[in-house]
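> what would the 3D arrangement of this be:
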Amino acid sequence: MKRTALLLSTLVLALGAFTSCGSGSGSSSADDKPASTGSTLPSDISERARENLNRQLEKTKKKSSSSGKSSVPCDPEAEAAAKELVTSMFTNEPEKVMEYMYPKSMSKLLIEAGAAKNFQSAEVNEFELKEFHIQECSRLAPDTGYKWVEKYYKTSAENNGISGGDVTVTNGYSVKLSFRIIADGEEDSDTEDAVLAYIEGDGWKVIPFSISDIQKQLEAAGSDK
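Numbering: from 1, shown residues only. Below you'll find the model as predicted:
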């Protein structure tokens with residue numbers, strides 16, 4: 001099956017949690033740097049960034065550890081949030097996508113900083129969504145999974161030089177998102193790992209990485225302290 005890179009747009013926005021974002025004006029590539037604070041939002045989607053994203057997508061295809069998890073039906077409101085995000089991706093509503101990915105205070109600042117412009121130029125707009133559902137759902141372990149989601153948002157805010165990343169997670173799931181699309185006139189399908197997290201006082205948010213990849217990337221970036 002060919003790679004559709006269905007979550008390319010949201011991954012571009014999500015990368016701020018793991019790497020510093022360069023301004024694109026004569027500095028070295030942001031993809032080579034560890035996470036740092038006070039950086040600016042990316043101004044474009046480079047070819048190198050696409051290659052890194054494809055590698056990340058391949059990593060998420062590997063089976064995540066099931067330690068501390070049990071298979072359960074997903075909360076209907078969590079499923080609804082995932083469906084709203086995916087639908088918004090394919091109807092070119094970048095601000096709505098960001099609202100379902102980030103806490104409200106963060107998404108507002110990111111939108112004001114122009115992050116939504118990156119979404120509008122991404123390849124996902126070349127696809128037509130035909131079907132979407134959650135294929136697998138298992139609970140995040142409160143003592144570990146919640147912690148990594150909280151660190152993810154805190155680090156993402158720091159790397160983008162904004163506030164709003166201090167959140168409290170009270171519920172969460174590891175899921176597989178299943179897509180059926182039309183691309184170049186041909187039908188294709190794919191699945192992607194993601195995390196659904198309930199932010200206290202905010203609601204359900206969708207992170208387009210497996211919880212194990214969130215942990216690995218934050219540890220590699222030195223953001224696990």
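
> switch to C-alpha atoms for all contacts and neighbour counts from now on
Noted.

> what ranges do the strands span in the protein?
127-139, 169-183, 186-199, 203-207 (DSSP state E).

> so which of the ones you listed is nearest Ala157?
Shortest separation from Ala157 across the strands of the chain is recorded for strand 203-207, at 14.2 Å, computed as C-alpha to C-alpha.

> Leu177 and Cys137: what is the separation?
9 Å (C-alpha to C-alpha, to the nearest Å).

> do the same with Asp213
Asp213 sits 17 Å away from Cys137, going by C-alpha to C-alpha.

> what about those two, which has more around it?
Higher neighbour count among Asp213 and Cys137: Cys137, with 23 against 18, using other C-alpha atoms under 10 Å.

> what about the spatially closest residue to that one that is not a sequence neighbour, how many neighbours?
In space, and not counting its chain neighbours, Cys137 is closest to Val175: 4.5 Å by C-alpha to C-alpha, 6 or more residues apart in numbering. Val175 has 27 neighbours, counted by other C-alpha under 10 Å.

> my guess is Val175 contacts His133, does it?
No. With contact defined as C-alpha atoms under 8 Å, Val175 does not reach His133; the gap is 10.3 Å.

> tell me how many other residues crowd Thr144.
For Thr144, using other C-alpha under 10 Å, the count is 12.

> per-residue pLDDT, it?
For Thr144, the pLDDT comes out at 93.

> need phi/psi at it.
When read as degrees, to the nearest 10, the backbone of Thr144 gives phi -130, psi -50.

> and it, how far from Ser71?
Distance, Thr144 to Ser71, by C-alpha to C-alpha: 17 Å.

> what do you get for Ala194?
15 Å.

> the two: which is more packed in?
The neighbour comparison of Ala194 against Ser71 (other C-alpha under 10 Å) goes to Ala194, with 23 against 12.

> which stretches of the protein aren't confidently modelled?
For the chain, applying pLDDT under 70 flags the ranges 1-70, 118-126, 223-225.

> what are the buried residues along stretch 213-225?
213-215, 217-218, 221, 223 (16 or more other C-alpha atoms under 10 Å).

> what's the answer for stretch 134-148, then?
134, 136-141, 145-148.

> one more: stretch 71-83?
74, 78-79, 81-83.

> and these as a markdown table, adding distance to Leu110?
Putting the buried residues of stretch 71-83 into a markdown table (distance: C-alpha to C-alpha, whole Å) gives the following:
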| residue | distance to Leu110 |
| --- | --- |
| Cys74 | 29 |
| Ala78 | 23 |
| Glu79 | 24 |
| Ala81 | 19 |
| Ala82 | 20 |
| Lys83 | 22 |
